[in-house]
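[1] give the three-dimensional model of this entry:
(chains A and B)
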Amino acid sequence: MHAELSCIARMTVHVITETNDVSRMLIAITLFGDPTRHKQQSHLSHQRQIKMASRWSPLTCLTPAPLLPSGLLILESADNEVETLVRMNVELRCKFYSRNTLLLFFVCMFLTLTDIPLSYTSNPQIMDPENYLYSRHQMIIIHHKYHRGCRVM
Amino acid sequence: MSRDVGLTITITTHRIILIDEDEKIGGSIPLPLVQTAQKAGGPSFSSPMGSYKIELSTHAWGDLTIVFRGGEENSYRESIKHRDDTLDAIHTALKRKAWNDRERQVMKEQLRPSRAIAAKKVGVDAIMTQNALRREYLLLYTN
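    Numbers count the residues shown, from 1 in each chain, chains lettered A, B, ... in the order given. This is a model prediction of the structure:
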C-alpha cells in the first residue's frame, strides 16, 4: 500500500483542455520518478539521472537498495546481513499499477472531484424498480444530484 | 502488466534484492514484508515452454512475480534450477528470521541470571561476579 501511494504521489496531472463533454476532454498524465531515489548514485551523469528519474517500473517502486559506484551491493553489516544466493537474468513483474490503470484512476478521480455534468441514458423498458441494479442506478443519480451538485440530464 | 527485464536477483538473510546492472538501480524487498513465496509457471498443455516463476505476496507491494530466464545462457533447463534454488533460499531466510536476531540477543542478555545477581552488587565485586556467572552460563549452555 505504501509503495502504491508513493507511486501515485509521484504523478503530476496536467489538464490541457477541459470541456463539458467528457469524451473530448484531454488529460495528459506525466509520470515522474522520485529524484531523491537515486541520490546515492552520484557517479552517474546528470542527464542519466534525469532519464532514470523519469523511468517508471516495478523496480523503481521497491525499497531502494544502496549500491557502490561499480554496481556492487552494499549489505547491512550492522544487522549481520549475509548474501546467500545470486542469480542472473530474471524479470520482475507487478500486477497492480500499469500506466493504463493509473490513467484510469486519475480520470475517475478527476471526474469525481469536478462538477462535470453527467448524463445517464437508460431504457425505461428494462427499468425494474425492484431490480437491484436499477435501485443502485437511482442511488448514484441521487448522490450526484444532492452531494456533488451535478446536473442530471 | 509492467515489467523489468535482465535483472540480477540476490537473496540475503534479510532481503530479496533485484539489481538492474545496466541502469545501476537496485530495489529490495525486505523479507519481513513477504507473506508467501510460491512456485508458479512451468510447462503446461497450453504453453509447453512456459517460464518458471516465483510469486511473492507482499504486505507493501501486493503480488510480485519473479520470472527466471535461465541465467546468462538463457537456458530453459537452467531456469527451473534457478527458480528452485531461489525459492529454497527465500524459504530458509523466512524460516530463520535473521532480522529478529538482534532483538533475540538483547532479550537473552536481559534474561541472563548473571545480570540479576550482579545488579545487587556494586563496583569491582559486581564486575567480577558478573564475569564469573557469565563464564558459568556459557559453559552450561554452549556444551
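[2] burial count for residue A:77?
    8 (other CB atoms under 10 Å in any protein chain shown). (Glycine included, C-beta is placed from N, CA and C.)
[3] which element follows the lowest-mean-pLDDT helix or strand in chain B toward the C-terminus?
    Lowest on mean pLDDT, DSSP states H and E among the helices and strands of chain B sits helix B:113-118, with a mean of 67. Downstream of helix B:113-118, the first helix or strand assigned by DSSP states H and E is helix B:123-142.
[4] can you classify residue B:27 by secondary structure?
    Here residue B:27 is recorded as strand under DSSP: H, G, I helix; E, B strand; the rest coil.
[5] look up the closest residue to it, ignoring the ones flanking it.
    In space, and not counting its chain neighbours, residue B:27 is closest to residue A:62: 3.0 Å by CB to CB, 6 or more residues apart in numbering or on different chains.
[6] surely the one you found touches residue B:30?
    No - judged on CB atoms under 8 Å, residue A:62 makes no contact with residue B:30 at a distance of 9.6 Å.
[7] more neighbours: which of the two?
    residue A:62 (26 against 16).
[8] for that one, give me its contacts.
    A:3, B:18, B:27-29, B:61 (CB atoms under 8 Å, 6 or more residues apart in numbering or on different chains).
[9] okay, now the domains of chain B?
    For chain B, automatic domain parsing gives the domain ranges B:8-99, B:112-142.
[10] buried deepest among those, which one?
    Comparing the domains of chain B by mean neighbour count (mean count of other CB atoms under 10 Å in any protein chain shown), domain B:8-99 comes out on top with a mean of 18.
[11] now do the contacts for residue B:77.
    Residues near residue B:77 by CB under 8 Å, 6+ apart: residue B:70.
[12] where does it land on pLDDT?
    Residue B:77 is assigned 88 on the pLDDT scale.
[13] so how far is chain A from it?
    14 Å (CB to the nearest CB, to the nearest Å).
[14] correct me, but residue B:18 touches residue B:3?
    No - the criterion here is CB under 8 Å, and residue B:18 misses it with residue B:3 at 11.5 Å.
[15] parallel or antiparallel, which strands does the biggest strand by length in chain A pair with?
    Assignment by DSSP state E gives strand A:83-94 as the longest strand of chain A. Sheet pairing of strand A:83-94 (DSSP bridges) gives strand B:2-12 (antiparallel), strand B:62-68 (antiparallel).
[16] buried residues in that strand?
    Buried residues in strand A:83-94, counted by 16 or more other CB atoms under 10 Å in any protein chain shown: A:84-85, A:87-94.
[17] which of these sits closest to residue A:69?
    Of all the buried residues of strand A:83-94, the one sitting nearest residue A:69 is residue A:88; the distance, using CB to CB, is 20.4 Å.
[18] returning to what we had before: TSV for the domains of chain B, including distance to residue A:71?
    Formatted as TSV, the domains of chain B follow (distance: least, CB to CB, whole Å):
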stretch	distance to residue A:71
domain B:8-99	5
domain B:112-142	41
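[19] go through the ones you listed and find the least confident stretch.
    Across those, domain B:112-142 has the smallest mean pLDDT, namely a mean of 77.
[20] what touches both of residue B:18 and residue B:3?
    Common contacts of residue B:18 and residue B:3 (CB under 8 Å, 6+ apart): residue A:92.
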